[in-house]
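[1] take a look and give me a structure for this.
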Amino acid sequence: MQIPEGKKIYFASDNHLGAPTKEASLPREKKFVAWLDHVKQDAAAIFLLGDMFDFWVEYKNVVPKGFTRTLGKLAEISDSGIPIYYFVGNHDLWMNGYFEEELNIPVYHKPKEFTFNNKSFFIGHGDGLGPHDKGYKRMKKVFTNPLCQWLFKQVLHPDFAMRIGQYMSVKNKLISGDEDATFLGNDKEWLVQYCKRKLKDKHRDFFVFGHRHLPLDIDLENNAKYINLGDWIQYYTYGVFDGENMTLQTFTN
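    Have a look, this model is predicted:
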């Protein structure tokens, strides 16, 4: 994809709407919608890298109540012709067609490579990558197992299932995969280690992830960069690619 002159690509991650309650997250949701209004003016594309919701599960004819401001704004932007790409995170693993059918937004369950203006990108949420968190990796295999998902939806009424999911999303850190958002240093940051390992196989100019809730811009070998987008809970940071350079910025509106 060649980015038209004057256009940019935007990246955001980790809104966790609904946490700790829908009422408490409403100001953050309104701020995120204001950001979407801001970036749509010159966006060539928008990438959302997961955990937009603190818990999300889709049934055949049922989706979680709420978040209409966000979903409506995404529909408006998508309908205007600006492509939006969504990567599921560890809190919204159970997306199953709603975004594609209702919003025309493709959803990815694994990291994916893109090329913009001859710059290569490796993009994903970031959970379960690198030499880390084996307990969560085992739990993720259970959560993504089609039989386990089917049983969860068949056995539990949606209201009860949502209460369980919301409770576990906040309380059980093994299941959620969350960690304290503390910078560990380049040698111990497991996504940095993952990027370095991937660079041995193939060069990428930018590795862009969320999940860590830390805005990070780290130089790797051969002019590659690891960018972590931070979050929309504490930092309100997002990524911008102008066709040549990738930077982190803060939305202050």
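[2] tally of neighbours for Arg163?
    Arg163: 13 surrounding residues under other CB atoms under 10 Å. For glycine as for every other residue, the C-beta is placed from the backbone atoms N, C-alpha and C.
[3] how about whichever strand or helix holds it, which residues are buried there?
    Following DSSP states H and E, one finds Arg163 within helix 158-171. Taking 16 or more other CB atoms under 10 Å as the neighbour-count basis, helix 158-171 is seen to contain the buried residues 158, 161-162, 165-166, 169-170.
[4] likewise for stretch 88-100?
    Across stretch 88-100, burial judged by 16+ other CB under 10 Å covers 88-96, 98-99.
[5] okay, strands next: where are they in this protein?
    If you assign secondary structure with DSSP state E, the strands in the chain sit at 8-12, 43-48, 84-87, 107-108, 112-116, 119-123, 206-209, 215-219, 225-229, 237-241, 246-250.
[6] which one of these lies closest to Val57?
    Among the strands of the chain, the nearest to Val57 by CB to CB is strand 107-108 (13.8 Å).
[7] packing partners for the closest one?
    Contacts defined by 3 or more CB pairs under 8 Å, 6 or more residues apart in numbering; DSSP states H and E place strand 107-108 against strand 84-87.
[8] follow-up on the earlier one: other SSEs contacting the helix holding Arg163?
    Helix 158-171 sits against helix 173-176, with contacts defined as 3+ CB pairs under 8 Å, 6+ apart.
[9] thought Ile9 was touching Asp42?
    No. Under the criterion of CB atoms under 8 Å, Ile9 is not in contact with Asp42, lying 10.1 Å apart.
[10] what about the two, which has more around it?
    Ile9 (25 against 14).
[11] tell me how far the more buried one lies from Ala34.
    The spacing between Ile9 and Ala34, counted by CB to CB, to the nearest Å, is 19 Å.
[12] just Lys153 next, same as before
    Taken as CB to CB, the spacing of Lys153 relative to Ala34 amounts to 35 Å.
[13] between those two, which one's more packed in?
    Taking other CB under 10 Å, Lys153 and Ala34 do not tie; Lys153 has more neighbours (18 against 14).
[14] for that one, which non-adjacent residue is closest in space?
    In space, and not counting its chain neighbours, Lys153 is closest to Tyr59: 5.6 Å by CB to CB, 6 or more residues apart in numbering.
[15] now for the one you found, how many residues are close by?
    Counted with other CB under 10 Å, residues neighbouring Tyr59 total 15.
[16] right, and it touches Gln154 too?
    No. With contact defined as CB under 8 Å, Tyr59 does not reach Gln154; the gap is 9.7 Å.
[17] low pLDDT regions in the stretch 1-150 of the chain?
    The stretch 1-150 of the chain contains residues with pLDDT under 70 at 132-143, 149.
[18] can you map out the helices along it?
    With DSSP state H, counting those that start in this stretch applied, the stretch 1-150 of the chain shows helices at 22-39, 68-79, 98, 134-143, 146-155, listed in chain order.
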